[in-house]
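Colleague: would you be able to build a 3D model of this:
(2 chains)
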Amino acid sequence: MNYTLRHTTRYLYNAPVTLCHSEARVLPRRTLYQECSASELTISPLPRVQAERRDVFGNRVLYCAMEDVHQSLDVTVTTELTTLPLAPLPASSPAWEDVAKQLHSDSRFDMQLYRLDSPFIRRNDELAAFARHCFTPGRPLIEGALALNQLIYDTFEYDPSFTTLATPLSDVLANRRGVCQDFAHLAIGALRSVGLAARYVSGYLETQPPPGQPRLVGADASHAWLATWIPDWGWLALDPTNGTIAGEQHPVLAWGRDYADVAPLKGVMNGGGEHQLEVEVDVMPITAE
Amino acid sequence: MTAPVSSTLLELGTAGLVEDYFHQLGERKPGIFDAMMDRHGKLRPGWESLLGSLDTLGPEGRLQQHEEIQRLLAENGVIFNMHDDARRSWRLDPLPWVIDHAQWQALELGLIQRSRLLNALYDDIYGARSLFDKGLLPTQALIASAHLLLPCHGSQPGDRPAISFHGVDVIQDSEGQWRVIGDRLQAPSGTGFTLENRILMARALPEMYRNAPLKRLAGFLDNYHRTLTALAYQHRDNPNIVLLTPGPSSPRYFEHAYLANYLNIDLAEGQDLVVRDSQLWLRTLGGLQPVDVVLRHCDDAYCDPLELRGDSQLGVPGLLQAARTGGVAISNALGVGILESPELADYLPALCEHLLGEKLLLPNADAATIPATAPVFDNQMQRLTPTTLNLRCFINRSASSLTTPGQQLSDYHVMPGGLAWVGTPGSPSLSSPIVKDVWVTANAPQPHVSQLRQARGPVVATRDGTDLPSRVAESLFWLGRYGERLDARARLLREALMRLMEVDQDEIADQLLDELLIALNITTLNNDGEGAKLRIVGFVQKRAALLAQFDDTDSQALHALFDQLLRNARSVRDHLGDDSWRVINQLRQRVSAFNSSLGASAARRSCEGLSAQIAAFFGLCNETMPHHYGWRFMDIGRFLDRVLGLLSLLKLTLNAPHTPGLALWEVVLSTTDNFTAYRRRYRSELHPEAILDLLLFDETNPRSVGYMLQRLERQMNRLPGSSSPYRNAERRLLIQANAALHLADIDRLNHLTDTPEAQQALAQLLDQLIEPLMALSDAISQSHFSHVERPRQLVSMEPDA
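Modeller: A predicted model of the protein is given here:
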């Protein structure tokens, strides 16, 4: 699929900001299944310093410093990208316990990074028990992972009013409600608690307007899902919010251990007082004509 | 080579000390390595003359020397240790730990290898990460560690070493083999104490010290200074280096102040620094000054709230990015904390083979390690007893190694000595009961280096021009204000207590005492309105109210004022002379002895002592501080507070214009210490007009409003930015006050005691003075200090624990 992505993050302050150092993860990365064109980036006010680097996860990080007095910050990125269909899933996969055992003794940094605790996700018995609903003894890994994805989709309610960034996973699990970020964290926590590897993926999802109505600009949203490691195949991306495998319809922005590693815009500023956040996202499919 | 117990020593009786010690060794676990004696009871090289000197002194002489050392230690503690709960309580043993050339060389080679190894390890952990995949690192333990900082990945510029200063704790095991307890890389402390121990030994035992063929420490920190200079990317001839400290609340602040002083660099807190244009800057009175190198004494995670711990108030937002792009060099690099992980110990031998192609020279200590013994004097200085010693060593990357590629042995300096403390292996140094100087013997006698001194040059360097950090200027200003406020309160209390002791004799209600209680804000004039304090009736109640001022629970009483003074003084410790700091300490002792059960008479004497000590403090500051901007801000703070205090006291006299109102005028003279001046000049009864003349208009009287306004004007004219023709707010306010004073119609103030018109005129004049002067303090803060503001997070990313 070809897409044009437009992502605007806007902060409005009620007092002047004299200095703001900021880190943005809003430039989509290349993946095995995704090609990106050069992004068009507009930052207002104009940053005095702007630099791009790769973080330890391979994400593109934009550092910018706004050093003139300003009362709003607007970061808009427009990117054209192409997503490719996923490779077919293997017909069979090893029992999940064997994979967990094998991963335990795997010394690779990039594997252990996604198996251990992270800022928002702590492994625990409660999460392990939740995972074992799907990871029954001897069950093939892929089957278990897909079942977990489906379980969250079937039994949890999407409720933006219920959670915030600070809502602990135990509350999400107990109340069976949350948003995409919570469901991704929950699945990751469950997978890690039984010894598997899982990472948090941030990206987008194209939404379909109601039949007969035009697409509304800015109506799409950032989305989050997860991926778990399948030996000899790769990272299998799962979207528990929609109960699907995240593939061609899921343009990827960045990944990390959890949300803390991929927050779209972080910053430290002097001044500013109270602020208001506005986010606009457009995921526009480009139809070949 | 070991020396036998010589016959001369036997004659001197050293054999007693030594034989007794050897006997004790035999009683413990024979065969265990001892620092002083070999298995055959022979002294190891370098100990003989030392023991000879100590033995000549005899137990009495040793005790005397020891007491001298303890006095000097306590003195230093007063000068540098500002943190009550972190005050080291150890004693310094008169017998140093002698390490002979051969033993030292083994240690030195091992330490240099370790520093090279950890440098290479840093480069891989935060670079290619290939050692994880090869199975050479404990991947899970390192990833689980809070000290592995993912944002530091790839952040260290390739042309700067991650580690330029390295602390290593070691012990000797039962075979005499050196073993590592742990590494100190984030903020290696202990150099200050090491220098202190050496200086104290040299002072207390000059003969012994001068004759010893031991390696001197002085060159080591000079080398470190050169290394820091060589790290700079810009201004390479004379780079601006700062020591980043968490501030006076850190238990290690002693070292930070001491080191900054010794290296002659600025002591900076995170809030003094800012990143702009990818460069680090120091906020000073003259604006932003570029900083080229940061000697970091904050832990890794706290150094940058943008990329590292967002809740840190100690760091500088954007510091890591500035380091990444070469805007500032940091010693040591952020992220080195992971190399302190104890989990690495088992992996080091293989890592050393892999990274350096060498066998690891210094093994780590483990649970099975039996420590060696070393002698230490007992408390009476009579016997030597075997104990366990820890040693902290310091390794510094040489400046030349930064410009020439490739690693060589000469690229590293190891301090020939270190901080030794008594305790089980790995016990913390600060809680140790006994420390020792460490003498590394040289093959040839070493020249005495005169650079060995407490500080490089005067305590306050001559750099306090406009490059004075704004925070320092602000603290000095408030130091002046609180010092003066404390003094004024002590003087008023003294007067009130004297009055109390007089009325003690007759039980009549005393108008003056009531007025003094109002002046002290213990009661208020009217009993209505917000915050009004009830009029106190009765002698006993008044006495209790006054003595409560000596209790530390009252928020406006002496303790609270002194705490404010101390807080500000601590944060500018490196700008105050040692003598003034001693006075601060005496003040602290006095104030901490205050309690409400003091008698009125003792309390009055305490007030007098307090005033005298505050005068001594400011007097010493005036004598020893260079009269640069910092001193001017302190002086402005003092005189601003003093003039406001006097004006409010004068205002109070208006509320008691009747008899015995004159007594209050007398109090005004006393509290301002002008009674004698008045007597000499007027030789007459108390005339309010004459008193007013002395206290308001007489510009030759240092306690008069006229004099104080002149002084404020003189100081403010010399502040930065004052040469501009634009009259800034603070100078306009001062002109306003001056005009009110000079335009006052003195004739209208005649017959003050019985004409309401005169009283009204005075009230008006006082208000005209008080109003602009009250606004002056804010104006000064605005124009000189206000660019210190706390940065905040755009989005809080701290998950709930």
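Colleague: domains of chain A?
Modeller: As assigned by automatic domain parsing, chain A contains the domains A:2-84+A:263-285, A:96-261.
Colleague: please see if the longest one touches chain B.
Modeller: Yes - Domain A:96-261 is in contact with chain B by CB under 8 Å from any CB of the partner chain, via A:107-109, A:112-113, A:115-117, A:119-120, A:165-166, A:168, A:260-261. C-beta coordinates here come from the backbone N, C-alpha and C atoms, glycine included.
Colleague: let me know the closest of those to B:Leu221.
Modeller: A:Phe109 (37.9 Å; CB to CB).
Colleague: any idea which helix or strand carries the residue lying closest to the closest one once chain neighbours are set aside?
Modeller: Sequence neighbours aside, B:Phe132 is the residue nearest to A:Phe109 in space, at 3.9 Å (criterion: CB to CB, 6 or more residues apart in numbering or on different chains). Using DSSP states H and E, B:Phe132 falls within helix B:130-133.
Colleague: CA atoms only: put that helix into CSV for me.
Modeller: This file holds the C-alpha atoms of helix B:130-133, laid out as CSV (Å, rounded to 0.1, in the frame of the first residue of the first chain):
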residue,chain,number,x,y,z
SER,B,130,29.4,-7.0,19.9
LEU,B,131,30.5,-8.4,23.2
PHE,B,132,26.9,-9.2,24.2
ASP,B,133,26.3,-11.3,21.2
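Colleague: so what touches that helix?
Modeller: A:107-109, A:112, B:121, B:124-125, B:137, B:139, B:142, B:351, B:354 (CB atoms under 8 Å, 6 or more residues apart in numbering or on different chains).
Colleague: ok now it, how far from the chain's centre?
Modeller: In terms of CA atoms, centre = their mean, to the nearest Å, the centre of helix B:130-133 is set 43 Å apart from its chain centre.
Colleague: hmm, the helix or strand just after that helix in reach of chain A?
Modeller: Scanning forward in sequence from helix B:130-133 by DSSP H and E, the next helix or strand is helix B:139-144. Yes - counting by CB under 8 Å from any CB, chain A has neighbours in helix B:139-144: B:139-140, B:143-144.
Colleague: buried subset of the residues you listed?
Modeller: Neighbour counting with 16 or more other CB atoms under 10 Å in any protein chain shown marks B:139-140, B:143 as buried within these.
Colleague: what residues does chain B put near chain A?
Modeller: B:129, B:132-135, B:137, B:139-140, B:143-144, B:150-151, B:153-154, B:274-278, B:305-307, B:310, B:317-318, B:321, B:324-325, B:789-797, B:799-800.
Colleague: pLDDT at A:Ser202, what is it?
Modeller: Looking at A:Ser202, its pLDDT is 96.
Colleague: wait, I meant B:Asn655
Modeller: Looking at B:Asn655, the pLDDT reads 68.
Colleague: below-threshold pLDDT in chain A: ranges please.
Modeller: Residues of chain A that meet the criterion pLDDT under 70 lie in A:215-219, A:288-289.
Colleague: the closest residue to B:Asp183 other than its chain neighbours and chain A: what is the separation?
Modeller: In space, and not counting its chain neighbours, B:Asp183 is closest to B:Glu340: 5.1 Å by CB to CB, 6+ apart. B:Glu340 sits 19 Å away from chain A, going by CB to the nearest CB, to the nearest Å.
Colleague: cool, and B:Pro363?
Modeller: B:Pro363 is 23 Å from chain A, by CB to the nearest CB.
Colleague: and if you look at B:Lys42?
Modeller: In terms of CB to the nearest CB, B:Lys42 sits 50 Å off from chain A.
Colleague: make TSV from the domains of chain A and add mean neighbour count to it.
Modeller: As requested, the domains of chain A are exported to TSV (neighbours: other CB atoms under 10 Å in any protein chain shown):
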stretch	mean neighbour count
domain A:2-84+A:263-285	18
domain A:96-261	19
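Colleague: could I get these as JSON lines with distance to B:Met625?
Modeller: Listed next are the domains of chain A as JSON lines, based on distance: least, CB to CB, whole Å:
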{"stretch": "domain A:2-84+A:263-285", "distance to B:Met625": "32"}
{"stretch": "domain A:96-261", "distance to B:Met625": "48"}
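Colleague: contacts only, for A:Ala227.
Modeller: A:198-199, A:201, A:235-238, A:246, A:255.
Colleague: let me fix that: B:Arg203
Modeller: For B:Arg203, the contacting residues are B:Leu72, by CB under 8 Å, 6+ apart.
Colleague: work out for me the element it sits within.
Modeller: Per DSSP H and E: helix B:191-204 holds B:Arg203.
Colleague: ok, the closest residue to A:Asn124 other than its chain neighbours to A:Tyr259 distance?
Modeller: In space, and not counting its chain neighbours, A:Asn124 is closest to A:Ser193: 6.3 Å by CB to CB, 6+ apart. Separation of A:Ser193 from A:Tyr259 (CB to CB, to the nearest Å) stands at 18 Å.
Colleague: again with B:Tyr224
Modeller: 42 Å.
Colleague: quick one: neighbours of B:Phe254, just the number.
Modeller: 24 (other CB atoms under 10 Å in any protein chain shown).
Colleague: pull out the buried residues from the helix holding B:Phe132.
Modeller: B:131-133.
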